[in-house]
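no sequence on this one, just coordinates:
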């Protein structure tokens, strides 16, 4: 199992897994919570399903909506006994993002996290510059491509 994968016990019903696969990040709706790596654990505690999530940042405002969307998805799937827990330790890292999630970010026009240079998601040029450490959300910074002159978000690496 890679670092991005949630720990999922084999006895978790398929309907739970299917429901969770449809929960997306409200700030970047092309990413599922699994793509983003914030879905950390799905387990059974007796007859109750326990879903554990980790925010990308402590105090991330999207976590309230994500929790509600998980609860709604499980309820709609007919799961009666469940709870959603938040875990702050270990802290979330961009290493937990799936390769599919990184690809989806790029296709959506957001440069995925990279410890190296930030490439433009429009033209692929690495000749880019930082405009602001803070982009449209706390987990992104704003850049501009010097080749095509397009501004773009970069998902911060951490």
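On my side now, so go ahead. None of the values given here were measured: they were computed from a predicted structure.

ok, the residue nearest to the spatial centre of the chain - contacts?
Nearest to the mean C-alpha position of the chain, counting by C-alpha atoms, centre = their mean, stands residue 36 at 2.2 Å. For residue 36, the contacting residues are 25, 28, 56, 96, 97, 101, by C-beta atoms under 8 Å, 6 or more residues apart in numbering. The way it works is simple: take the backbone N, C-alpha and C, and place the C-beta from them, glycine included.

same thing but at 10 Å, please
Going by C-beta atoms under 10 Å, 6 or more residues apart in numbering, residue 36 touches 4, 24-25, 27-28, 53-54, 56, 62, 66, 92, 94, 96-98, 101, 104-105, 139, 155.

mind listing which of the residues you listed are in helices?
62, 66, 101, 104, 105 (DSSP state H).

Point out the least confident one among those residues.
Lowest pLDDT of these: residue 62, 92.

so where do the strands sit in this protein?
For the chain, the strands defined by DSSP state E cover 7-8, 39-45, 48-53, 82-86, 110-111, 128-132, 140-145, 151-155.

Give me the buried positions along the third one.
In this case it means strand 48-53. Applying a neighbour-count criterion of 16 or more other C-beta atoms under 10 Å, one finds 49, 50, 51, 52, 53 buried in strand 48-53.

cool, the second one as well?
Within strand 39-45, the residues that count as buried by 16+ other C-beta under 10 Å are 39, 40, 41, 42, 44.

got TSV for the ones in helices among the contacts of residue 36, with distance to residue 11 too?
Shown next, in TSV, are the ones in helices among the contacts of residue 36 (distance: C-beta to C-beta, whole Å):
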residue	distance to residue 11
62	30
66	24
101	26
104	30
105	33
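
nearest to residue 118, of these?
residue 105 (12.2 Å; C-beta to C-beta).

ok, so of the buried residues of strand 48-53, who is nearest residue 72?
Proximity to residue 72 was ranked across these by C-beta to C-beta; first place goes to residue 51, at 12.4 Å.

what's the closest non-adjacent residue to that closest one?
Leaving aside its sequence neighbours, residue 51 sits nearest to residue 84 (C-beta to C-beta, 6 or more residues apart in numbering; 4.9 Å).

Show the contacting residues for that neighbour.
Counting by C-beta under 10 Å, 6+ apart, residue 84 has contacts 49-53, 63, 66-71, 74.
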